[in-house]
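> sequence and predicted structure below; questions after.
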Amino acid sequence: MKRNPRKEKWTKAYRRLHDKDTTLDATFEFESKRNRPEREGSHVKNRLTTKGICTFWSIEINMRTLNVTARLRSSGLLRTKGLIGGKWRDAYDGRTIEVHNPADGEVIASVPFMGGRETKDAISSAYDALSPWRKLTAADRSSRLRNWYNLLSEHKEELGQLITLEQGKPLREAIGEVVYSAKFIEFFAEEAKRVYGDIIPSPLSDRRLFVLKEPVGVVGAITPWNFPLAMITRKAGPALACGCTMIIKPSELTPLTALAAAELALQSGIPPGVLNVVMGDAPSIGDSLQESTEVRKITFTGSTGVGKKLMAGASETVKKVSLELGGNAPCIILDDADLAAAVKGSLSTKFYNTGQQCVCTNRVLVQEGIYDKFINAYSKAVQNLKVGNGLSEGVTQGPLINNAAVQKVDSFVQDAVSKGAKVVLGGKRHSLGFSFYEPTIITDVNNEMLIARQEVFGPVAPIIRFKTEEEAIQIANDTDSGLAAYVYTNSIQRSWRVSEALEYGMVGVNEGSISTEVAPFGGFKQSGLGREGSKYGMDDYLEIKYVCMGNMG
């Protein structure tokens, strides 16, 4: 085999760096007879000397990624097979799909590309596990869920690193997601012991009437990539607490977090088959879950379009359906608001997770009396955001999930500009390349622009000017979505009045961080059906049975 000195030189340097837990910039120089073009979005860049005879390849290698992966493997949390009936399995046909780090495009791992056949196996396993699981005492199920909570909490650092690797969010946010996720398991571990029935006074003296609550059965859960752990525990917590079993279909973009959570569930004493994980061919898996008569409920978090299709498909077997769909959240800044608090709150609701969350502020509505002051203060705050690899110190903005997401965000910005909006800050791909986009502020936005009509899911803050409280409410409600809304005002009367007028399932008043395990999460209109979290989150996993006993006189 012909030697390649250039490759050997790079390989030796790479191996030297492999032992270091740091980010290094290594530059290699070698002779070149031709100009090699820079690869767009790559971490390999081309530079020529003034003489044009030498090429410098600047290779930035983040060794933290490699070391994190190694630590996850040694801990047993980097699982790369599906979980069916307590066994880790490959796809029948051996196909796999690569999981990439959105910050640099590197392959983290490969997982099975499963489909209908594997899903049917998972359904059978969940169905077989249903009877023994539901027959356990509530206290027993509660104890096992608490064990799971303890393990999730114990491994929050490793799980956080895994989330950052495959999803991209800053490590601090990722660890915060683990803590938040674990709280749902802790909460529903206690709720498992509070599934109360009811006694109904009978109109006849010889009859006794009572109501039981029973688990709905096997549940199919389809979860998104933006919160790869929280969207699982928010569904699995109440389902398992009620005595249901579950098949989880995580996003093919972030399956590793789901598999790690399932590994900890097994370690916690949750029996094989109670929790199963399949990933891969989304349409095939979804069809199998919908068509099965053994699956009695579908729970889904994702886009409104897919939610509608699932709802239609579930009608064939009359399943229960819970849908947590898209949002178009307004953040209304009234002229009597505490400006500093409004800037801080609207900043966090807009740019948390790089704007990739369903309750993220999608439109910032500012009353004209404070419009200029707000934009000035908001711009300064956005300029302080640090964009980069989520594993790097001090980073507050990670990448978008993939290039398609970047293209979508950029198309929304361009549409707004073409219709008269002005870019105050950002407005283009970040110089880091890959899936990074600059934190962006756009002014002179109106509700006819795509960026105000559809969910952006990116780090872009469209700002809309309004004159009166009534106008703000009209603009805010002018959407098919109704998930979350935010209001900033120092008037208790205005806060109450505006909150009541907003057609949204959740409203934050002078507060941007509204999601908690003890409160119901869900929306109005086309933002979904049902509620997750809180005591109300148990309802969708239960059936009500009425029993009438005669001859009791």
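That came through fine.

> so what's Asp206 closest to, chain neighbours aside?
Gly553 (3.3 Å; CB to CB, 6 or more residues apart in numbering). Glycine gets a C-beta too; all of them are placed from N, C-alpha and C.

> residues near the one you found, how many?
8 (other CB atoms under 10 Å).

> wait, it touches Ser205, no?
Yes - under the criterion of CB atoms under 8 Å, Gly553 makes contact with Ser205 at 5.4 Å.

> pretty sure Ser153 sits against Ile175.
No - counting by CB under 8 Å, Ile175 is not a contact partner of Ser153; they are 10.8 Å apart.

> which of those two has more residues huddled nearby?
Comparing Ser153 with Ile175 by neighbour count (other CB under 10 Å), the higher total belongs to Ile175, at 19 against 16.

> quick one: average pLDDT of the helix or strand harbouring Leu266?
Taking DSSP states H and E as the criterion, Leu266 maps to helix 255-267. Taken as a whole, helix 255-267 has a mean pLDDT of 99.

> and what of stretch 307-318?
Rounded mean pLDDT across stretch 307-318 is 95.

> buried ones in the helix holding Leu266?
Buried residues in helix 255-267, counted by 16 or more other CB atoms under 10 Å: Pro255, Leu256, Thr257, Ala258, Leu259, Ala260, Ala261, Ala262, Glu263, Leu264, Ala265, Leu266.

> any idea which of those is closest to Val107?
Proximity of the buried residues of helix 255-267 to Val107 (CB to CB) peaks at Leu256, which lies at 11.8 Å.

> am I right that Lys81 is in contact with Pro112?
Yes - using CB under 8 Å, Lys81 makes contact with Pro112 at a distance of 6.0 Å.

> list residues touching both of these two?
Arg89, Asp90 (CB atoms under 8 Å, 6 or more residues apart in numbering).

> out of these two, which sits in the more crowded spot?
Pro112 (23 against 16).

> part of a strand, is Gly458?
No - applying DSSP: H, G, I helix; E, B strand; the rest coil, one finds Gly458 to be coil, outside a strand.

> surely it and Lys408 touch.
Yes - with contact defined as CB under 8 Å, Gly458 counts as touching Lys408 (7.4 Å).

> which of those two has more residues huddled nearby?
Gly458 (24 against 17).

> pLDDT weak spots in the chain?
1-64 (pLDDT under 70).

> per-domain residue ranges of it.
Following automatic domain parsing, the chain resolves into domains at 5-64, 76-325+532-543, 329-517.

> got these as CSV, with distance to Ala70 columns?
CSV is the format used below for the domains of the chain (distance: least, CB to CB, whole Å):
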stretch, distance to Ala70
domain 5-64, 10
domain 76-325+532-543, 9
domain 329-517, 14
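
> doesn't Glu98 lie inside a helix?
No - Glu98: not assigned to a helix; according to three-state DSSP it is strand.

> can you pull out the strands in the stretch 51-200 of the chain?
Counting by DSSP state E, counting those that start in this stretch, the stretch 51-200 of the chain has strands at residues 54-62, 82-84, 87-89, 96-100, 107-112, 198-200.

> packing partners of the fourth one?
So that's strand 96-100. Counting contacts by 3 or more CB pairs under 8 Å, 6 or more residues apart in numbering; DSSP states H and E, strand 96-100 packs against strand 107-112.
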